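Chemist: model the structure of this input:
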Amino acid sequence: MIAQYYRNNVGKSLTLKTKSSRVKDVSNKASRTKQGIVDDKVILIGNLGRTPEVRYMDSGKAMAKFPLATSESYTSADGQKQERTEWHNVVAWGKQAELAGQYLDSGRQVAVEGSIRTRSYDKDGEKKYITEIQANRITFLGGSPSTQGDSTP
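Modeler: The predicted structure is shown next:
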């Protein structure tokens, strides 16, 4: 499903309009500075590229990683319909990670709300960078391709 976002009243509310004409108003609960400006927030709706990989830290806290595909349709200059897909690395912690590992499978549609983080690591002596979405909330949408109509979250 392709989602288009329209921001109303500069950060006060977010209206979600989907291809299926369903419209949802999503309250903007982003962290705010003293000046009332949104610090860092992203909301993505897309499909999982694979089943989440869940690991447990030494402290016992769960961490889940999975790729999320978001797609956009547009008409090119020559009138041809085109589709562009972007891939996002999503990381969830704690209960969100456990639920993702329990209920999500490849192809499942979800909404991810969180923040963008870039971190670095060394690989073979070379410094690498990766940008990830740190999920604060994962909302399970539609069933997985293999369980359409199933009512599990």
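
Chemist: tell me what E83 is bridged to.
Modeler: Beta-bridge pairing of E83 under DSSP bridges involves S73.

Chemist: residues near the residue lying closest to A64 once chain neighbours are set aside, how many?
Modeler: Once flanking residues are discounted, A64 sits nearest to A97: 3.7 Å by C-beta to C-beta, 6 or more residues apart in numbering. The way it works is simple: take the backbone N, C-alpha and C, and place the C-beta from them, glycine included. A97 has 24 neighbours, counted by other C-beta atoms under 10 Å.

Chemist: ok but A97 is inside a helix, no?
Modeler: Yes. Counting by DSSP: H, G, I helix; E, B strand; the rest coil, A97 falls inside a helix.

Chemist: ok, it to Q134 distance?
Modeler: In this structure, A97 and Q134 are 11 Å apart, going by C-beta to C-beta, to the nearest Å.

Chemist: residues touching the residue nearest to A64, list them.
Modeler: In this structure, A97 makes contact with P52, V54, A62, M63, A64, judged by C-beta atoms under 8 Å, 6 or more residues apart in numbering.

Chemist: can I assume the fourth one is in contact with V90?
Modeler: No. Because the distance of 11.2 Å does not satisfy C-beta atoms under 8 Å, M63 is recorded as not touching V90.

Chemist: look at those two and report which has more neighbours.
Modeler: Just comparing M63 and V90: by other C-beta under 10 Å the higher neighbour count belongs to V90, 23 against 19.

Chemist: look up phi and psi at that one.
Modeler: phi -110, psi 140 (degrees, to the nearest 10).

Chemist: hmm, back to that, can I get the contacts of A97 in JSON lines including secondary structure and distance to T118?
Modeler: Shown next, in JSON lines, are those (DSSP: H, G, I helix; E, B strand; the rest coil; distance: C-beta to C-beta, whole Å):
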{"residue": "P52", "secondary structure": "coil", "distance to T118": "21"}
{"residue": "V54", "secondary structure": "strand", "distance to T118": "23"}
{"residue": "A62", "secondary structure": "strand", "distance to T118": "23"}
{"residue": "M63", "secondary structure": "strand", "distance to T118": "18"}
{"residue": "A64", "secondary structure": "strand", "distance to T118": "19"}
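
Chemist: that's all I had, so thanks and see you.
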